[in-house]
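Chemist: The sequence and its predicted three-dimensional model are supplied below.
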Amino acid sequence: MGRSTHDQKWENNGRKSANGDIYSVCGEEELGDTVERELCTRGGYRTMPFTMGNQLCNGLVDKGVTLNLMSYLTKRYNMRHVAGATVLNVSFGTSSMTPLLVAYLSDAYFGRFWAVVLSCFCNLLGSLFLTISAVSSSLRPGPQQEAAGGQLAFLFTALLFNAIGGGGLWACTSAFGADQFNKSGPEDKKQVQSFFNWYYFFTYIGTLLGSTVLVYLQENMGWVWGYGVPAVASFLSLLIFALGFPFYRYVDPTGSPFTRLAQVVVAAFRKRNLSLSSDSDELAQDRTENSLLGGTKRPPTTQFKCLDRAAVRTKEDFGGNPWRLCTVDQVEEFKALIKLIPIWFSCLLSATALSGHKLFVVPQANTMDRHLGSSFQLPAASLPIFGSITFLLWVPIYDRLILPIARKVTGHQRGITMLQRIGIGFCVSILELAVGGLVESKRRAVARSTGFIDKPYNTIPMSVFWLAPQFCLHGLGESFWAVGELDFFYDQLPATMRSMAAAIYWLSSGIGHYMGTVILVAVHRMTGHHGHEEDWLGNNLNTGHLDYFFYLLGMVEIVNLVFFLVISRWYTYKSTEVE
């Protein structure tokens, strides 16, 4: 994509930050052009009302569409619990997989701003299609009937649009928001970390609204209102984001990051028989405007030394063939990506374990006493509000009170390292799954002792608020592992792959949901057949063993925590050396 004259003027009169993004120099040089003076006012905290408002609406749409989707599938499309859970998990997985494609297109071709705009539009289409399916009875099966192929196709098209839109927003809104802050110094990095905290804070405000207001509408006023409001919120998210256009700081797409990585592999393979010298001056340094570090020198690391051959000059390399000679920056980009793989895999395993926990919330809650007072009943799909409230209360405390103290104690600019934050989150997740299993054991025991064991649709004398602690733990854990993972990938990935940071985070979640689906189906088949009397995940939860399923997922998370601790000791953070 071509660059405008204004962009070129800005670059010529500006300075590059340590990660290579172009930012105009404000207050350091006299700028003689009105346009350049205007560019100096872009970015920073002034853009947060637009990015946070957009994210609040996106969080509301995401939860408004998916949170009660299990009820919509079972009540309006007559699906069994396992079939509905499978559709739900595949929907979550697809939504988490699409960020990779959108982030690639964003970084390589049309930029993050337009990626967010197009994703908002896809979200709007998906919400409109769901509303139409709720309005038109011809798009849904009749009572006690299976859905026809055309009816399912329309439903899955709506979910696909939501997956593409939601996935694109998850990939690009966080990266675009972080682009609004210079990241060249320690104070700037604090601002970026604070941004990620508040990014999730506003996401959870939207989640809270979706978990309460929208679920109430769906349960009491019908699905037309329940899915019509998310359609309106999708339109508002697009409008709010577009209003910030004059204030945003834009980073041009840099071309395909995968091409740069492929060049390293090819160049290193071509020079596989070349001996390596300890003199780093023999390696090619990038001094052009396309340099990732823009005037900084990234020292070659000692890991994966074989790749350094790609940056060694030989007499055949003076033709400037990028498939024969790469820069140290390119080589270090590729090394950084390789080092992230074990951490990413650990995040994937955690997502696999946690994906199964939320699938049976609605069926569980529907068997319990949901009264709050004499007349009000808490909607079954609203239970995640306890996690949202915990997150909303904890993030400001952590960001404004605990972090400053931690910085003084540890001397670390983040208070604790990013990997330590992720590890704490994994520990909390183990407690979440353990508590979930214990509460389900209690629920089954009450059903058995009160004669409801064979009455799966009757309400047992046990308050639904027994389920609240596990959701509080989920919100607390997510404030550590989710924010930590997003911050980690954004910080450690090369600048040319900045949108890919959120995509890689959501990719681990997406594959985790698919793997969670495999575990779900395998457990259902193994315990529901071959002579077993009790299907762990049958339609009658009172005779099943959902508690065993939660304990199984907890064991997966424990194994993952041990794996994470081992690879964290091996990991070294990236560094730059400014000349």
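Modeler: Structure's in. What do you need? Numbers count the residues shown, from 1 in each chain.
Chemist: Any stretches of the stretch 401-550 of the chain with poor pLDDT?
Modeler: Residues of the stretch 401-550 of the chain meeting the criterion pLDDT under 70: 495-496, 498-499, 529-534.
Chemist: Tell me where it has helices.
Modeler: 403-410, 418-449, 468-492, 498-528, 546-570 (DSSP state H, counting those that start in this stretch).
Chemist: Can you lay out those as a markdown table showing mean neighbour count and distance to Ser256?
Modeler: Using the backbone N, CA and C atoms, a C-beta is placed for each residue, glycine as well. A markdown table is the format used below for the helices of the stretch 401-550 of the chain (neighbours: other C-beta atoms under 10 Å; distance: least, C-beta to C-beta, whole Å):
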| stretch | mean neighbour count | distance to Ser256 |
| --- | --- | --- |
| helix 403-410 | 13 | 37 |
| helix 418-449 | 20 | 27 |
| helix 468-492 | 23 | 19 |
| helix 498-528 | 22 | 11 |
| helix 546-570 | 17 | 29 |
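Chemist: ok, the most centrally placed residue in the chain to Val102 distance?
Modeler: Geometric centre of the chain, nearest residue: Trp506, 4.0 Å, by C-alpha atoms, centre = their mean. Separation of Trp506 from Val102 (C-beta to C-beta, to the nearest Å) stands at 10 Å.
Chemist: Now the common contact residues for these two.
Modeler: Between them, Trp506 and Val102 share these contacting residues under C-beta atoms under 8 Å, 6 or more residues apart in numbering: Gly167, Ala171.
Chemist: Any regions of the stretch 151-300 of the chain where pLDDT drops low?
Modeler: 182-190, 193, 277-299.
Chemist: can you rerun that using 80?
Modeler: By pLDDT under 80, the low-scoring segments of the stretch 151-300 of the chain are 170-171, 181-194, 196-197, 200, 204, 251-258, 276-300.
Chemist: now the strands for it?
Modeler: For the stretch 151-300 of the chain, no strands are identified by DSSP state E, counting those that start in this stretch.
Chemist: Spatially nearest residue to Pro494, not counting backbone neighbours?
Modeler: Closest residue in space to Pro494, ignoring its immediate chain neighbours: Glu333 at 4.0 Å, by C-beta to C-beta, 6 or more residues apart in numbering.
Chemist: Correct me if wrong: that neighbour contacts Ala262.
Modeler: No - if you go by C-beta atoms under 8 Å, Glu333 and Ala262 don't touch, sitting 11.5 Å apart.
Chemist: out of those two, which sits in the busier spot?
Modeler: Counted by other C-beta atoms under 10 Å, Glu333 and Ala262 do not tie: Glu333 has more neighbours, with 24 against 13.
Chemist: Can you spell out which helices and strands pack onto the helix or strand hosting the more buried one?
Modeler: Assigned by DSSP states H and E, Glu333 belongs to helix 328-355. Here helix 328-355 touches helix 257-270, helix 418-449, helix 468-492, helix 498-528, helix 546-570, going by 3 or more C-beta pairs under 8 Å, 6 or more residues apart in numbering; DSSP states H and E.
Chemist: between those, which one is nearest to Ile240?
Modeler: Between Ile240 and the helices and strands packed on helix 328-355, the shortest separation by C-beta to C-beta is 19.5 Å, and it involves helix 498-528.
Chemist: tilt between that closest one and helix 468-492?
Modeler: 140 degrees (axes from the mean of the first three to the mean of the last three C-alpha atoms, to 10 degrees).
Chemist: quick one: helix 498-528 to helix 328-355, angle?
Modeler: Using the same axes, to 10 degrees: helix 498-528 against helix 328-355 is 30 degrees.
Chemist: Tell me how far stretch 545-558 lies from the chain's centre.
Modeler: Taking the mean of its C-alpha atoms, stretch 545-558 sits 23 Å from the chain's own mean (C-alpha atoms, centre = their mean, to the nearest Å).
Chemist: again with stretch 440-455
Modeler: Worked out by C-alpha atoms, centre = their mean, stretch 440-455 lies 37 Å from the chain centre.
Chemist: In a strand, Tyr573, correct?
Modeler: No - assigned with DSSP: H, G, I helix; E, B strand; the rest coil, Tyr573 falls outside any strand and is coil.
Chemist: how close does it get to Gly544?
Modeler: Applying C-beta to C-beta to Tyr573 and Gly544 gives a distance of 45 Å.
Chemist: So which of those two has more stuff around it?
Modeler: More crowded of Tyr573 and Gly544, by other C-beta under 10 Å: Gly544, with 24 against 12.
Chemist: how close does the residue lying closest to the more buried one once chain neighbours are set aside sit to Ser71?
Modeler: Spatial nearest neighbour of Gly544, excluding adjacent residues (C-beta to C-beta, 6+ apart): Gly538 at 4.7 Å. Distance, Gly538 to Ser71, using C-beta to C-beta: 18 Å.
Chemist: can you check Cys472 too?
Modeler: On the measure of C-beta to C-beta, Cys472 and Ser71 end up 23 Å apart.
Chemist: and if you look at Arg569?
Modeler: Taken as C-beta to C-beta, the span from Arg569 to Ser71 is 45 Å.
Chemist: Pro384 too?
Modeler: 14 Å.
Chemist: if we can go back for a sec, closest one to Ala148 among the helices and strands packed on helix 328-355?
Modeler: Closest among the helices and strands packed on helix 328-355, using C-beta to C-beta: helix 498-528, at 23.8 Å.
Chemist: on contacts alone, who are the packing partners of the closest one?
Modeler: Helix 498-528 packs on helix 81-105, helix 149-179, helix 328-355, helix 468-492, helix 546-570, going by 3+ C-beta pairs under 8 Å, 6+ apart.
Chemist: now the ones you listed in CSV, with distance to Gly64?
Modeler: CSV is the format used below for these (distance: least, C-beta to C-beta, whole Å):
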stretch, distance to Gly64
helix 81-105, 14
helix 149-179, 10
helix 328-355, 20
helix 468-492, 18
helix 546-570, 26
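Chemist: and of those, who's closest to Glu440?
Modeler: Per C-beta to C-beta, nearest to Glu440 of these: helix 546-570, 3.9 Å.
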